[in-house]
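Novice: The following comprises the amino acid sequence and a computationally predicted model.
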2 protein chains.
Amino acid sequence: MDAEQLREYGHQMVDFIADYYKNIESFPVLSQVKPEYLCELLPDSAPNYPEKLENVLDDIRRKIIPGLTHWQSPGYFAYYPCNSSTAGFLGEMLISGFNILGFSWITSPAATELEVIVLDWVAKMLKLPQHFFSSGQGGGVIQGTSSEAILVVLLAARDKVLRRIGKNSIGKLVVYASDQTHSSLQKACQIAGIHPENYRVLKTDSSANYSLDPKVLSEKISNDMSIGLQPFFLCATVGTTSSAAVDPLCSLGKISKVYDMWFHVDAAYAGNACICPEYRRYIDGVEEADSFGMNVHKWMLTNFDCCLLWVKDSGALIKSLSTNPDYLKNKASQENQVVDFKDWQIPLGRRFRSLKLWMVLRLYGVEKLQNYVRNHIRLARLFLGLIDSDPRFEVVAPQMFSLVCFRLLPPPDGQDDGNKLNDDLLHAVNGTGRMFISHTVLSGKFMLRLVVGAPLTEERHVEEAWKLIQDQASVLLGTRLPSP
Amino acid sequence: MDAEQLREYGHQMVDFIADYYKNIESFPVLSQVKPEYLCELLPDSAPNYPEKLENVLDDIRRKIIPGLTHWQSPGYFAYYPCNSSTAGFLGEMLISGFNILGFSWITSPAATELEVIVLDWVAKMLKLPQHFFSSGQGGGVIQGTSSEAILVVLLAARDKVLRRIGKNSIGKLVVYASDQTHSSLQKACQIAGIHPENYRVLKTDSSANYSLDPKVLSEKISNDMSIGLQPFFLCATVGTTSSAAVDPLCSLGKISKVYDMWFHVDAAYAGNACICPEYRRYIDGVEEADSFGMNVHKWMLTNFDCCLLWVKDSGALIKSLSTNPDYLKNKASQENQVVDFKDWQIPLGRRFRSLKLWMVLRLYGVEKLQNYVRNHIRLARLFLGLIDSDPRFEVVAPQMFSLVCFRLLPPPDGQDDGNKLNDDLLHAVNGTGRMFISHTVLSGKFMLRLVVGAPLTEERHVEEAWKLIQDQASVLLGTRLPSP
């Protein structure tokens, strides 16, 4: 590590990355390489002696970039987005430049304190209830991903109930969520040792736009209690992965109160929209929640990873996750003057992630972030209008936020349910390299998902995407219909 | 996100960070701020409108940097190191520049494939057994931290044994490790639902230099089995946190085989030294292990976080951690042509971490990395010699790798066991801001730990540290001894 070498190489790397963004539209959005492409291009051992930076950069251009799926491309419309921005990038530079470990307050007080402050800032932007602010028994913490956020609150809830009913009762614990809930809840249950048959996946359907029906929940709970099981955790979603459905937080929250269950709200993607007053209503009812999670790396211009989690009672987290070995003891922690975020998360070590979020908030300001989300929602609406104009397609779920779920209608001969047709269309469209969308299955229907959320996406990219989808559909329908 | 703005601001940030390293010796190594210092310096809401980069950088200089504990300072000798380097920093820039999510192969094939390749490279550098290479049933994966590495293998082991003896038997499962094992194992047990009374913390002492005695282990296992418990997981450490003790892998591994237990080796810090032929013997016996973990962010110049984990049977990990929702299905994964690392870890999303390790390996080469470790061990030996030259001090455990455990001897009047004296010395030394060491407790003795491991540390810094310790000791002893 030499400051002047870092300066020289760092400037080269900045130009490399700026050029990458400048040229990003020239790369296929979805990587078109075949499995194991890279092992043929790289040696099978590390070099013994230093290589030149130019050679490494050249390899990145020729060998790595072709193997990237370009999440930052304006033609990226798949899954949910993973945002990058100049401010987020600068923040990441600082994080790795300082390269501190903020596990306890003392290991870098600024890391802990800035995290507390910016989580309060965002809580205010979202108008979260007072109990999620640092001034009370709860507060916010940055996790890597929603998977970790859901896991830590599930553990806190598990241990809380087991302290009451006895540690041998884990086989009685029941978790509730809709069939639209992200797979990370299932994974968290596996990790926490919840018996698989006690994870209640509650069915949803198009009649309620794939949101969780409180009646279905109540019935299941009553049934489980009647056979001696112990309901303890309910997860609602604001913006499900498949169709961005919104579960009814108020009603669900009330049910969770009746049965003394931990109520977690996962708003990984759509929570970001709720910084706009006109979308805040989607998290009405969050007042009932014990915890609330949202990924600013998805849709608030903060580079991955940065998942915000707020809890009402941080003591429950700490009871489940704290350890206190001699070699980490220090005066500030022992005297309970400070927060030690190591006890709010799975890992011990932690990066100074709040720095990038702080830079995003300061360099853009709340109004710009609101307009950023609004623009994407406007573009999704534009796309919806385009679909509506072509009778060969149907919109399969209501547009929510910046997501549109649609599919190509199968030929009317009734031989085809359209699933293979749309799978073919997906591959045809993605195979062009001009855009990347992903799919889902709802009520047995295979459908395409187009999410507007990449920072570089403009109106013309949405229009081009639509044109491409139409063209590929024409080709497919042409080849599938017997020639006259 | 605008390429030219990123370029302009990126260059400014490179200079800012290079200047930080240039001036790093001017900052107190351990931050000297008081709890809640920052909330008085920052507003209580995010700004509505954009602020200027200069203002933010100015705040970082005036408000954030004073709250940092400078892990990259040459005067940093605490805990274990957290390495930064130009190559690691460039790698981090690229990771956040591309900002891809590599959860499944298809989401960026290069991310998965490069990870497989560089983990094989490092396995070769360490001469790991063939079953840890990607060519067989096992392979390597990058986790964030050792805590996560230990957790995922514990889960794999737990589920493997529960599949055999029934899922209601979790209360019977017993974990074994020495009392020197890192607290992350205790935390992993809490998370996995292992009953706290079934975590066997086996006592070590100075007679075997705080390494785990295989006889003690065997006895405990026999005892547990005789009362119907089920031993299933053994964790050995190469380079414990307190004194860098090395557990005897060969004997422990053989015992684990007899009882069909999962054998994990945690070499988070010291594993890095084993890339040198002369230190490789410390992991002799790793052939017996089911999994092996090491943090290149500690001592191989790779910026945090980057924990390497190798497993013998990746199938066991995948059985515990995989989920397969419709919206993530894709041809390459369905046809089992590729690795999807989402099923080897807790989170779904994952950064392209292999990129920074690859850059470190290529820009420095194996020989330089070996010499880097050797130099730190040499400096630790130098420090050991300095202690030996002053009869007021004692070395409390043998020097292992680049760690020295020592303490100031209490005055010979027998009134003082030296614990408070050394605690006072710790605070006096760290309070100068010139250096930062941490402490531990072994056999009831409070002792000081000096680890050489920061990339910028040179001989003069070790000598200055020693001088400072001597001076502060003189002051302390002077004030404590009655004047004649």
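Specialist: Right, received. Where do you want to start?

Novice: was I right about A:Met447 contacting A:Thr440?
Specialist: Yes - the criterion here is Cβ atoms under 8 Å, and A:Met447 meets it with A:Thr440 at 6.1 Å. All C-beta spots, glycine's among them, are computed from the backbone N, C-alpha and C.

Novice: A:Gly193 against B:Gly171, yeah?
Specialist: No - using Cβ under 8 Å as the test, A:Gly193 is too far from B:Gly171 to be in contact (10.7 Å).

Novice: got any residues that touch both of these two?
Specialist: Taking Cβ atoms under 8 Å, 6 or more residues apart in numbering or on different chains as the criterion, A:Gly193 and B:Gly171 do not both touch any residue.

Novice: okay, the two: which has more neighbours?
Specialist: Comparing A:Gly193 with B:Gly171 by other Cβ atoms under 10 Å in any protein chain shown, the one with more neighbours is A:Gly193, at 21 against 15.

Novice: Just give the nearest non-adjacent residue to that one, would you?
Specialist: B:Gly193 (3.7 Å; Cβ to Cβ, 6 or more residues apart in numbering or on different chains).

Novice: Near the closest residue to chain B within the stretch 101-250 of chain A, how many other residues are there?
Specialist: Nearest residue of the stretch 101-250 of chain A to chain B, counting by Cβ to the nearest Cβ: A:Ala110, 2.9 Å away. A:Ala110: 26 surrounding residues under other Cβ under 10 Å.

Novice: before we move on, what about A:Gly239?
Specialist: 30.

Novice: Can you measure across stretch A:383-401, start residue to end residue?
Specialist: Using Cα to Cα, to the nearest Å, one end of stretch A:383-401 lies 12 Å from the other.

Novice: Do that stretch and chain B come into contact?
Specialist: No - figure legend: stretch A:383-401 not in contact with chain B (Cβ under 8 Å from any Cβ of the partner chain); closest approach 13.1 Å.

Novice: in that stretch, what's buried?
Specialist: By neighbour count on 16 or more other Cβ atoms under 10 Å in any protein chain shown, the buried set for stretch A:383-401 is A:Phe383, A:Leu384, A:Leu386, A:Ile387, A:Phe393, A:Glu394, A:Val396, A:Ala397, A:Gln399, A:Met400, A:Phe401.

Novice: For A:Val429, identify the helix or strand it belongs to.
Specialist: helix A:419-431 (DSSP states H and E).

Novice: do the same with A:Gln415
Specialist: Counting by DSSP H and E, A:Gln415 is part of no helix or strand.

Novice: Could you measure from the residue of the stretch 101-250 of chain A closest to chain B over to B:Asp313?
Specialist: Note on A:Ala110: its distance to B:Asp313, by Cβ to Cβ, to the nearest Å, is 43 Å.

Novice: Only alpha carbons, please: show the worst-scoring helix or strand of chain A on mean pLDDT as CSV.
Specialist: Ranking every helix and strand in chain A by mean pLDDT, DSSP states H and E puts helix A:331-334 at the bottom, with a mean of 90. The C-alpha coordinates for helix A:331-334 follow below in CSV (Å, rounded to 0.1, in the frame of the first residue of the first chain):
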residue,chain,number,x,y,z
LYS,A,331,-15.4,0.5,28.6
ALA,A,332,-18.0,2.1,26.4
SER,A,333,-19.8,-1.2,25.7
GLN,A,334,-19.6,-2.4,29.3
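
Novice: Run the chain-centre distance for it.
Specialist: Its chain's C-alpha centre and that of helix A:331-334 lie 35 Å apart, by Cα atoms, centre = their mean, to the nearest Å.

Novice: on that earlier part again, tell me the buried residues in the next helix or strand after the helix holding A:Val429?
Specialist: Using DSSP H and E, the helix or strand that follows helix A:419-431 towards the C-terminus is strand A:438-442. Neighbour-count burial for strand A:438-442, counted by 16+ other Cβ under 10 Å, picks out A:Ser438, A:His439, A:Thr440, A:Leu442.
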